[in-house]
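Q: Quick one, structure for this:
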Amino acid sequence: MKSVKILIIILAAAFMVSGCSQINKPDADAPSDTGTETSASGSFSEITIEDLNSPKEESGKATIVPAASEKFVFEPHIHTDLLSQYVTEDMWDSLHNMVDAIRAGEDTFECSSEKAYTWCTYEVTVGMAYPPACTLVEGDGYAGNVAKLKYNMDKDSFRERCAAFENAIETILNEATSVYHSDFEKLTELYVYMCKYWVYDNDETAEHTCDNFGCYACLMNRDGICSEVAYALTYLLLQAGVEATPYGASCNHDWVYVVIGGNGYHVDPTWSLHGEMPDGMLLLENFMMTEEDRINDGFDPATFQVDFLWGWKSDYDLSAFSATDETFAPIRYGMTYKGIDTERNVLIYETYRWEIKELSYGDM
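A: Coordinates of the predicted model:
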């Protein structure tokens, strides 16, 4: 469980709903949900980032928060066991050696094999493992367990670019979530944060450069298309220690596969960005989805492609990316996010009938 939790639930005296005219009420035979209703007449206010990170007062007494709360610190060595069937530990070690060399402005790094070198220096891998280096640092040859690097940018300017990026990542993580929260809470808070502050940007006329396209651009500019948004959320989750990987399919869309509490789920931040919904509503139908949900959404499992391995691996054991747990089935079909109570381990949501309900996620 979490070391520190903040109890956040705001009860309103009267049941008031804003923007109801934009919500289409379902037919009488619409699927029902099984969440626990909290109040027939009350209403929760949406829990904000400030609510999550600020001391609260209850009955005139402030909630106790440690004087020296631990913060997220940039982690240069991201890693996911989801790819262990295809990416061996020596390949991860080589990747981390490369990132260390890039951050230090060095021209070589220790690499276990030519196979590891090919994967490490592949443009997509560089863009996912250390986004500010994408297209600006390339592989320049391999021999005798030593790989060479070539920089396409002045090293002093590149060093400033990297420092600004790492600072931006720390800011996002510490504004969005807490090191004390569980994996599910980190996922939820980062998902909500991204959906609130990112926008969908499909400017097909723009020239694709490392500063306006890709994971780096999405994280720094807070906009992008599905692949960029999926990459960005994955990178933040890996920074926070949550197992995740972005993936795509023949339907030309990218999702994120996550492992929470030992179970796999599909998450799609792109179509939940607030800019896509009226009044900033956050629909939960794209959150914690099963395989069946994905297939109903147009996903063809036969065309599954892990973006971390794009162009490097084409056939997959899909059992490694299964998602069958139905814990979050009650939040389907028009449910909207209202908040998360990390003290009681419940996700708070509103139904299409404007009822406020809770879904317990336990210790996930």
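
Q: So for the residue nearest to Glu285 when sequence neighbours are not counted, what's the pLDDT?
A: With Cβ to Cβ, 6 or more residues apart in numbering as the criterion, Glu285 has its nearest non-adjacent residue at 5.6 Å, and that residue is Arg332. Bear in mind the C-beta positions are built from the backbone N, C-alpha and C, glycine included. Predicted confidence (pLDDT) at Arg332: the value is 82.

Q: isn't Arg332 right up against Thr290?
A: No: with contact defined as Cβ atoms under 8 Å, Arg332 does not reach Thr290; the gap is 9.6 Å.

Q: Pull up the distance across stretch 127-136, start to finish.
A: With Cα to Cα, to the nearest Å as the measure, the ends of stretch 127-136 fall 10 Å from one another.

Q: Pull the residues that contact that stretch.
A: Contacts of stretch 127-136 from elsewhere in the structure, counted by Cβ atoms under 8 Å, 6 or more residues apart in numbering, are 76, 78, 95, 98-99, 102-103, 120, 123, 126, 151-153, 158, 161-162, 165, 209-210, 214-216, 219, 231, 234-235, 246, 307-308.

Q: Which of these are buried? Put it as a ChimeraX command.
A: Buried residues within these, by 16 or more other Cβ atoms under 10 Å, are selected in ChimeraX with:
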select :78,95,98,99,102,103,120,123,126,158,161,162,165,210,214,215,216,219,231,234,235,246,307,308
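
Q: now the strands for the stretch 201-350 of the chain?
A: In the stretch 201-350 of the chain, the strands defined using DSSP state E, counting those that start in this stretch lie at 223-224, 243-248, 254-260, 263-267, 305-306, 336-341, 346-350.

Q: Can you report how many residues lie near Ile169?
A: As a burial measure, Ile169 scores 21 neighbours (other Cβ atoms under 10 Å).

Q: How about the one 5 residues further on?
A: By the criterion of other Cβ under 10 Å, Asn174 has 15 neighbours.

Q: and what of Gly264?
A: Gly264 has 18 neighbours, counted by other Cβ under 10 Å.

Q: where do the helices sit along the chain?
A: Secondary structure of the chain (DSSP state H): helices located at 49-53, 89-104, 114-121, 123-129, 155-176, 183-197, 215-221, 226-239, 291-296.

Q: To Ser272, which of the ones you listed lies closest?
A: helix 183-197 (4.7 Å; Cβ to Cβ).

Q: Can you name the residues in contact with that closest one?
A: Contacts with helix 183-197, where a contact means Cβ under 8 Å, 6+ apart, come from 2, 49, 52, 172-173, 175-178, 181, 222, 229, 232-233, 236-237, 240-243, 258, 260-261, 267, 269, 272-274, 280, 282, 287, 337, 340, 342, 347, 361, 364.

Q: Quick one: mean pLDDT for that helix?
A: Averaged across helix 183-197, pLDDT comes to 95.

Q: could you give the angle of that helix to strand 346-350?
A: Per axes from the mean of the first three to the mean of the last three Cα atoms, to 10 degrees, the angle that helix 183-197 makes with strand 346-350 is 40 degrees.

Q: chain center to helix 183-197: distance?
A: Taking the mean of its C-alpha atoms, helix 183-197 sits 7 Å from the chain's own mean (Cα atoms, centre = their mean, to the nearest Å).
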